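Engineer: What follows is a predicted protein model with its sequence.
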Amino acid sequence: MFSIGILEITVLLIIAFVILGPEKLVELSKWLGGAYRDLRVAFAELRSSIETEAGEKGGESSSDPSREKP
């Protein structure tokens, strides 16, 4: 499908360094790192809320014998 090797990554980094320069490249790296972190946190919160909702709805018809009424 789509695979990037170490050589391609190195070439992209060299091109970015030449075009942006060292100062802008550091700023861009910090921004991308922060955006990646925020995205991971958002997905973790989304997953947690989905699992919570699924647990609440799934708990009503649970096959756990300890939850059944005699």
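Structural biologist: Received the coordinates, thanks.
Engineer: most centrally placed residue in the chain?
Structural biologist: Computing the C-alpha centroid of the chain and ranking residues by C-alpha atoms, centre = their mean puts R40 first, at 3.4 Å.
Engineer: I15 sits in which helix or strand?
Structural biologist: Following DSSP states H and E, one finds I15 within helix 6-58.
Engineer: helices or strands up against that helix?
Structural biologist: Packed against helix 6-58 by the contact rule (3 or more C-beta pairs under 8 Å, 6 or more residues apart in numbering; DSSP states H and E) you find no helix or strand. The way it works is simple: take the backbone N, C-alpha and C, and place the C-beta from them, glycine included.
Engineer: How far does it sit from its chain's centre?
Structural biologist: Its chain's C-alpha centre and that of helix 6-58 lie 7 Å apart, by C-alpha atoms, centre = their mean, to the nearest Å.
Engineer: pLDDT below threshold where in this protein?
Structural biologist: Counting by pLDDT under 70, the low-confidence segments of the chain come to 1, 59-70.
Engineer: try it again with 80
Structural biologist: For the chain, the stretches with pLDDT under 80 are 1-2, 58-70.
Engineer: From E51, how far off is L39?
Structural biologist: 19 Å (C-beta to C-beta, to the nearest Å).
Engineer: typed the wrong thing, it's I4
Structural biologist: 32 Å.
Engineer: So which of those two has more stuff around it?
Structural biologist: More neighbours surround E51 than the other of I4 and E51, with 11 against 8 (other C-beta atoms under 10 Å).
Engineer: quick one: secondary structure of I4?
Structural biologist: What DSSP: H, G, I helix; E, B strand; the rest coil gives for I4 is coil.
Engineer: Give me the distance between it and S29.
Structural biologist: Here I4 is placed at a distance of 17 Å from S29 (C-beta to C-beta).
Engineer: What of F43?
Structural biologist: F43 is 21 Å from S29, by C-beta to C-beta.
Engineer: what does F2 give?
Structural biologist: Distance, F2 to S29, using C-beta to C-beta: 22 Å.
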